[in-house]
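Colleague: Attaching a predicted model along with its sequence, questions to come.
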Amino acid sequence: MKGTDILITGGYGTVGRRVAADLAPDYSGRVVVAGRSAEKAAQLAAELGHGVRGRRIDVGDLGSVEAALDGVGLVMSCIDQPEPHLLRAAIARGLAYTDIAPHLMTRRPTEAMRAEAVQTGARIVLGTGLAPGISSLLARLGADRVGSVESIKSNVLLSVGDAYGPTSREYLLEEMALSYAVRIEDRELPTRPFAASARVNFPPPLGERKSYLFPFSDQVFFPETLGARTALSRLALEPPWLGTLLSALIRLRVTAMLRRRADAEERVQRLSARLQRRYRGRDWYGITVEIQGVRGWVRAGLAGREQATGTAIGAAAVVRALAEGEVNQPGIWLVEQVVPPRPFFERLAAHGLVPTVEARLDDSRSVPRL
């Protein structure tokens, strides 16, 4: 039956444990961390205190999902779902739900799922974290100021010295080998990751970096949710030489060939571990979103350390928006459609993540191209 518990699947993972730690003090007795290991879930629950409980769930097993949702009113999924059993169950029960969903480009909800969510009263907010998530609300900040939106260009900087969960590493490897389309002036144009680059200013202390085309999911939806005629996203890497190397390897189709090898994941893990040791302590991440419209342009961004922590802060802020009733429209939504920006960024600021915003408005004739 529907209750008030907040279930965090993947709750003892890299991001999930950070989300649980963020929420536990303010939602005492309501936070439940869950994963395939009941022992690991119980151990983390004991460490966090505040009445946190552990629970077993296997998101690939529908029966396990149904059992884990007893007494739950809100779901935060920090685990990849090849089959959307958890999402479908949340919709059927009329729950609030959000997730870290890097695969939104290829795993979109169906129209039937959208209609059912409206009927059951489920409040579903897809795509929290850094991008989509924080980047989406930064885009919303700009879109609210520039009038009719002409373009949104989102940029994310990640550091190889940072810590990443296995799902994040696998996602990045998969996306590097795939063709996709970008929308330029209402036309879809085929491209590949790292096929083009631009110099982008990230907030201090990061500064200007070379940022490469990359298929983050938020770009797919900005034409629909914010009316952008042009929408694209890019990835910058620290150290910079890594982006240069990957760009060359992708042009030569080396990454696609490596992806087909049976030992590809193991090789990537070994390389990632080696680079993490070499660049230990260089764990900055950054986001810059450039929005241009009929009234001018806005550049909004933020920077922090440990992308897993930043992802968790953004995800927990969306959970709070659902838990506090700030998102009350039933249906399936993207973050920028329904999450109020002001309380969202106030919650980020409480963790030291304060956006920098530059703008030139009103005289669109003097607006430079971004």
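Modeller: Everything's here; your move. Numbers count the residues shown, from 1 in each chain.
Colleague: Show me the shaky parts of the stretch 101-250 of the chain.
Modeller: Scanning the stretch 101-250 of the chain for pLDDT under 70 picks out 101-107, 165-174, 177.
Colleague: would you list every one of the strands in it?
Modeller: 123-126, 149-159, 180-184, 187-191, 197-202, 207-213, 230-238 (DSSP state E, counting those that start in this stretch).
Colleague: residues of the fourth one that come out buried?
Modeller: Neighbour counts over strand 187-191 (16 or more other CB atoms under 10 Å) mark T191 as buried. Placement of C-beta: from N, CA and C, glycine included.
Colleague: who does that strand touch, helix- and strand-wise?
Modeller: strand 180-184 (3 or more CB pairs under 8 Å, 6 or more residues apart in numbering; DSSP states H and E).
Colleague: ditto for the third one
Modeller: Contacting strand 180-184 under the criterion 3+ CB pairs under 8 Å, 6+ apart are the following elements: strand 187-191, helix 218-225, strand 230-238.
Colleague: So for P355, which of those sits nearest?
Modeller: P355 sits nearest to helix 218-225 of all these, at 16.0 Å, using CB to CB.
Colleague: Run through who's touching that closest one.
Modeller: 104-105, 127, 131-132, 135-136, 139, 149, 152, 154, 182-183, 186, 228-229, 231-233, 334, 336-337 (CB atoms under 8 Å, 6 or more residues apart in numbering).
Colleague: if we go to 6 Å?
Modeller: With CB atoms under 6 Å, 6 or more residues apart in numbering as the test, helix 218-225 has contacts from 105, 131-132, 135-136, 152, 154, 183, 228, 231-233, 334, 336-337.
Colleague: ok, which pair from the residues you listed is furthest apart?
Modeller: Taking CB to CB, the two most distant members of the contacts of helix 218-225 are L232 and Q337; they sit 19.8 Å apart.
Colleague: So these two - more neighbours on which side?
Modeller: L232 (23 against 18; other CB atoms under 10 Å).
Colleague: The more buried one: what's its closest spatial neighbour, skipping adjacent residues?
Modeller: V182 (4.6 Å; CB to CB, 6 or more residues apart in numbering).
Colleague: can you give me how far the helix or strand in which A46 is found is from the chain middle?
Modeller: Assigned by DSSP states H and E, A46 belongs to helix 38-48. Helix 38-48 has its C-alpha centroid displaced from the chain centroid by 25 Å (CA atoms, centre = their mean, to the nearest Å).
Colleague: which secondary structure elements does the helix or strand following it contact?
Modeller: Once the chain leaves helix 38-48, the next helix or strand it forms, by DSSP H and E, is strand 53-56. Under the contact criterion of 3 or more CB pairs under 6 Å, 6 or more residues apart in numbering; DSSP states H and E, strand 53-56 touches strand 31-35, helix 38-48.
Colleague: and F214, which of the ones you listed is closest to it?
Modeller: Nearest to F214, of all these, is strand 31-35, at 28.9 Å by CB to CB.
Colleague: Which elements pack onto that closest one?
Modeller: Partner elements for strand 31-35 (3+ CB pairs under 6 Å, 6+ apart): strand 5-9, helix 16-23, helix 38-48, strand 53-56.
Colleague: could those go into TSV alongside mean pLDDT and distance to G314?
Modeller: Formatted as TSV, the helices and strands packed on strand 31-35 follow (pLDDT from 0 to 100; distance: least, CB to CB, whole Å):
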stretch	mean pLDDT	distance to G314
strand 5-9	98	14
helix 16-23	97	10
helix 38-48	97	20
strand 53-56	97	24
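Colleague: so which of these gets nearest A308?
Modeller: Nearest to A308, of those and by CB to CB, is helix 16-23 at 6.3 Å.
Colleague: what are the C-alpha coordinates of that closest one, in CSV please?
Modeller: The C-alpha trace of helix 16-23 is given here as CSV (Å, rounded to 0.1, in the frame of the first residue of the first chain):
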residue,chain,number,x,y,z
GLY,A,16,22.7,6.6,-3.6
ARG,A,17,24.5,6.7,-0.2
ARG,A,18,25.1,10.4,-0.7
VAL,A,19,21.4,11.0,-1.4
ALA,A,20,20.4,9.0,1.7
ALA,A,21,22.8,11.0,3.9
ASP,A,22,21.4,14.2,2.5
LEU,A,23,17.8,13.3,3.2
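Colleague: buried ones in it?
Modeller: G16, R17, R18, V19, A20, A21, D22, L23.
Colleague: Pick the one among the residues you listed closest to L348.
Modeller: Looking across those and measuring by CB to CB, the closest to L348 is D22, at 11.2 Å.
Colleague: now the helices and strands packed on strand 53-56 in TSV, with mean neighbour count and distance to E290?
Modeller: Shown next, in TSV, are the helices and strands packed on strand 53-56 (neighbours: other CB atoms under 10 Å; distance: least, CB to CB, whole Å):
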stretch	mean neighbour count	distance to E290
strand 31-35	28	37
helix 38-48	17	39
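Colleague: For R299, find the nearest of these.
Modeller: Closest to R299 of the helices and strands packed on strand 53-56, according to CB to CB: strand 31-35, at 36.4 Å.
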